[in-house]
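# Fold the following, please.
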Amino acid sequence: MDYKNSKKRFWEVDFLRGTAIVMMIIFHFLYDLDYFGVLELNLFFGFWRYFAYATASIFILLVGVSLTLSYSKTVKEKTGKELFTKYLFRGIKIFSWGIVITLITFMFLPDGVILFGVLHLIGICVILAYPFIKYTCRNLVIGILFILTGLYIEGLSFNSMWLLFLGLRPESFHTYDYFPLLPWFGVVLVGIFAGNILYSGYKRKFGIPEISNFIFIKILCFSGRHSLLIYLIHQPILVALLYLSGAVSYGFNIDYLFRSYPEVFEF
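Numbers count the residues shown, from 1 in each chain. Below you'll find the predicted structure:
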């Protein structure tokens, strides 16, 4: 593999991830306006519910695509053990941020502790996906089966909390952010399928105009490259802007900051 070529990034992947981040911020900003009484909105039904699903689906699908790109860059430079260690520690790092959010919600929101949110999911998926990265069509088949299984069990209830990570939750379970492996690991596998089809050998297999130098595209690509940081800081910034603009005038509610923070992806 050409070393110089392996260092390049595919701007369209960063662009799509950045687009998902902007969609998340839009949804969250509207939620802020609704919560503070600036506007009366119903965001968890109809269009905005599907908007939230689309946001999460794009972001998680790109987790799979990004895994194939990362694997293609390093597969000829590292042994199997070194590759697995790489994804193991990357997954642990992301999962650890999920644990931080779990601890925060445990302290401030004991009625809706986030036990398996989007960061928990991505961290685990990065590790679990390693044996699947080199496959193509079987990932599509397995991914669709996982998605269908997840959709089927979504309406079921169970008495135990131990299988919560799979999507088997008690009827009375309540949380502010919940992304179980079923169906969402299936979305990651579909992303791996797409990545192996579209970027096999770390080469783009389709034609696309080179428009990455346009300022709008650059901004979204930058956002896509720093998605985790933006996810972690965007909500405090939005709340601060509302206060500074005068749209919100009453006392600061720290409970809201932690409660709404993960609700972007609450389904």
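# show me where pLDDT drops low in this structure?
1-7, 109, 248-267 (pLDDT under 70).
# okay, now Leu83: neighbour count?
17 (other C-beta atoms under 10 Å). Glycine gets a C-beta too; all of them are placed from N, C-alpha and C.
# Would you mind pulling up the elements that the strand or helix carrying Leu151 packs against?
In the assignment (DSSP states H and E), Leu151 maps to helix 137-153. Helices and strands touching helix 137-153, by 3 or more C-beta pairs under 8 Å, 6 or more residues apart in numbering; DSSP states H and E, are helix 181-198.
# can you state the direction angle for the helix it packs on and helix 137-153?
Relative orientation of helix 181-198 and helix 137-153, computed by axes from the mean of the first three to the mean of the last three C-alpha atoms, to 10 degrees: 160 degrees.
# which stretches of the stretch 101-250 of the chain form helices?
118-128, 137-153, 181-198, 215-225, 227-245 (DSSP state H, counting those that start in this stretch).
# relative to helix 215-225, how tilted is the last one?
Relative orientation of helix 227-245 and helix 215-225, computed by the same axes, to 10 degrees: 110 degrees.
# before we move on, what about the first one?
Using the same axes, to 10 degrees, the direction of helix 118-128 lies 70 degrees away from that of helix 215-225.
# sorry, back to before: among the helices of the stretch 101-250 of the chain, which is nearest Ile25?
The closest of those to Ile25 is helix 227-245. By C-beta to C-beta, the value is 5.5 Å.
# By neighbour count, which bits of that closest one are buried? Give me those.
For helix 227-245, burial by neighbour count (16 or more other C-beta atoms under 10 Å) applies to Ser227, Ile230, Tyr231, His234, Gln235, Leu238, Val239, Leu242.
# Just send those residues back as CSV, with distance to Ile92 too.
Below are these laid out as CSV (distance: C-beta to C-beta, whole Å):
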residue, distance to Ile92
Ser227, 18
Ile230, 21
Tyr231, 18
His234, 24
Gln235, 24
Leu238, 29
Val239, 30
Leu242, 35
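# which residues are in contact with the helix holding Leu151?
64, 132, 167-168, 180-190, 192-193, 196 (C-beta atoms under 8 Å, 6 or more residues apart in numbering).
# hey, C-alpha coordinates of it in CSV?
C-alpha atoms of helix 137-153 as CSV (Å, rounded to 0.1, in the frame of the first residue of the first chain):
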residue,chain,number,x,y,z
CYS,A,137,-21.7,-9.6,2.2
ARG,A,138,-22.0,-11.7,5.4
ASN,A,139,-21.9,-8.4,7.4
LEU,A,140,-24.9,-7.2,5.4
VAL,A,141,-26.8,-10.4,6.2
ILE,A,142,-25.8,-10.5,9.9
GLY,A,143,-26.4,-6.8,10.3
ILE,A,144,-29.9,-7.0,8.9
LEU,A,145,-30.7,-10.0,11.1
PHE,A,146,-29.4,-8.0,14.2
ILE,A,147,-31.5,-5.0,13.2
LEU,A,148,-34.7,-7.1,12.7
THR,A,149,-34.1,-8.9,16.0
GLY,A,150,-33.6,-5.6,17.8
LEU,A,151,-36.8,-4.2,16.3
TYR,A,152,-38.7,-7.4,17.3
ILE,A,153,-37.6,-7.4,21.0
